[in-house]
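Participant: Structure for the following, please:
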Amino acid sequence: MIVHTGKPEAVAFGKELVELFRQRGNALLTDTSTAEVLGCPHLGQAGYMAAVDVVLVLGGDGTLLSAARLASSFGKPVLGINMGHLGFLSELDADSFEPALERVLAGDFTVEERMMIEGRVLRSGAEIACFRALNDVVVTRGTFARIINVTTFIDNHHVVDYKADGIIVATPTGSTAYSLSAGGPIVEPLLECLCITPICPHTLASRSVVARPEAHVRLVLNSPGEEVMLTIDGQEGIPLESKDVVELVRAQVTAKFVKVSGRGFFDILNSRLREQRF
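Facilitator: Below is the predicted model of the structure:
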């Protein structure tokens, strides 16, 4: 179990789950930070991931994103319990969790697999960073920088030079996040593709491009003297320099999500569109 320890309601519910699992005689392991707050056993990050069957995540979609990236390396499915508004990734809320738990423990659930992106940053031909993302990879200007110039290639074919505040490469899962606010398309999450969308482009002719999942996307930064950052799922950052190259492909692993509620993507989308809440 992974708990957003900065949310009191998540910590309180986590303590309830520790007691519930103790009463049932089911093993419950946590990451180190959760164990420190809840006072329950842990095996270290790699140890508990290798040992568990399902990863319970208490928090919001942000907590679930980081947990899903970690769990993907071990092939483990995650089950999100949201401590607030249900998001696009979280499957349950606290009120609906207990009956769902019975189904999970009985093996009565399905696993939905989501495409991920993996990439690397090259500087003067040498790899300086590698990463994996579930939602998106974003190249964006700093607070005081001017627009940046990003030359975009797909399978070594020059597509466009984006002059913009930045550029987003999103998975279908990430299409309803930052990409959507930048004018990108809404993509059903089980469809595999790469969505490339400029942020506040300098020209009206700059538009989103949707590439097949096998495509190799290459972004070349041509903005000397500008402050530029690459972010992964909005949670990890890598400073970029002019002439740096960002290479992106479909990841060899997928993010796996436990499904028990029958609540589908289009149900959530319809609710969000009616509420005008994204």
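
Participant: going forward, measure contacts between C-alpha atoms and count neighbours the same way
Facilitator: Noted.

Participant: partner residues bridging Val121?
Facilitator: Going by DSSP bridges, Val121 is paired in beta bridges with Ala129, Val246.

Participant: give the contact list for it.
Facilitator: Glu127, Ile128, Ala129, Cys130, Asp244, Val245, Val246, Glu247 (C-alpha atoms under 8 Å, 6 or more residues apart in numbering).

Participant: Using a markdown table, lay out those together with neighbour count, distance to Val187 and pLDDT.
Facilitator: Shown next, in a markdown table, are the contacts of Val121 (neighbours: other C-alpha atoms under 10 Å; distance: C-alpha to C-alpha, whole Å; pLDDT from 0 to 100):
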| residue | neighbour count | distance to Val187 | pLDDT |
| --- | --- | --- | --- |
| Glu127 | 13 | 31 | 98 |
| Ile128 | 12 | 31 | 98 |
| Ala129 | 12 | 28 | 98 |
| Cys130 | 14 | 26 | 98 |
| Asp244 | 21 | 29 | 98 |
| Val245 | 24 | 27 | 99 |
| Val246 | 23 | 23 | 99 |
| Glu247 | 18 | 22 | 99 |
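
Participant: quick one: which of those is nearest Leu191?
Facilitator: Closest approach between the contacts of Val121 and Leu191, by C-alpha to C-alpha: Glu247, at 21.5 Å.

Participant: about what we covered before: which one of the contacts of Val121 is nearest to Val37?
Facilitator: Closest to Val37, out of all of the contacts of Val121 and judged by C-alpha to C-alpha, is Cys130, at 31.3 Å.

Participant: Leaving out sequence neighbours, find the closest residue to that closest one.
Facilitator: Take Cys130 and drop its neighbours on the chain: the residue closest to it by C-alpha to C-alpha, 6 or more residues apart in numbering is Arg120, 4.1 Å away.

Participant: so which pair among the contacts of Val121 is furthest apart in space?
Facilitator: Cys130 and Asp244 (13.2 Å).

Participant: How much space separates the residue nearest to Cys130 from Asp165?
Facilitator: Look at Arg120 and Asp165: by C-alpha to C-alpha, to the nearest Å, they are 21 Å apart.

Participant: Of the two, which one has the most company?
Facilitator: Set Arg120 next to Asp165 and count neighbours by other C-alpha atoms under 10 Å: Asp165 wins out with 21 against 17.

Participant: Verify the contact between the more buried one and Val150 for me.
Facilitator: No. Checked against C-alpha atoms under 8 Å, the pair Asp165 and Val150 is beyond contact range at 9.9 Å.

Participant: Below-threshold pLDDT in the stretch 101-250 of the chain: ranges please.
Facilitator: Residue ranges of the stretch 101-250 of the chain with pLDDT under 70: none are present.

Participant: Mind jotting down where the strands sit in it?
Facilitator: 110-114, 117-123, 126-133, 136-141, 148-154, 157-164, 166-170, 194-199, 209-211, 217-221, 228-232, 236-240, 245-250 (DSSP state E, counting those that start in this stretch).
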